[in-house]
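Engineer: sequence-free structure coming up:
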């Protein structure tokens, strides 16, 4: 998985960085959690501070573009971000029984 940051701007008012990136891969499109992990590793921040906003893949290509927001603290992320974006892409806990 090749990763390139195309734009990285600082938003002081909201205490975050707004990052656009391009990603090339082999095989299937990587999951949102894999992309967040790779982005956190490239930017050297904890995964809990990264929110993946969009991930767009064109038909037939093994490349995609996306945007993400990287917060200064996890508390700041929880104050600002909408709850559905925080839950998106996170695996559901397995139910016991049944």
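Structural biologist: Received, thanks. All values derive from a computational prediction rather than experimental measurement.
Engineer: in the helix or strand encompassing residue 41, what's buried?
Structural biologist: Residue 41 belongs to helix 32-43 when assigned by DSSP states H and E. Buried residues in helix 32-43, counted by 16 or more other C-beta atoms under 10 Å: 35, 36, 38, 39, 40, 43. Backbone N, C-alpha and C define where each C-beta goes, glycine included.
Engineer: contacts for it, please.
Structural biologist: If you take C-beta atoms under 8 Å, 6 or more residues apart in numbering as the criterion, helix 32-43 is touched by 1, 3, 5, 17, 19, 21, 23, 30, 46-47, 49-50, 52, 55, 66, 68, 70, 88-91.
Engineer: at 6 Å instead, please
Structural biologist: 3, 47, 50, 52, 68, 89 (C-beta atoms under 6 Å, 6 or more residues apart in numbering).
Engineer: same question for stretch 52-64.
Structural biologist: Residues contacting stretch 52-64 (C-beta under 6 Å, 6+ apart): 23, 24, 25, 29, 32, 36, 65, 66, 67, 68.
Engineer: out of the residues you listed, which is nearest to residue 79?
Structural biologist: Nearest to residue 79 among the contacts of stretch 52-64: residue 68, at 17.6 Å, using C-beta to C-beta.
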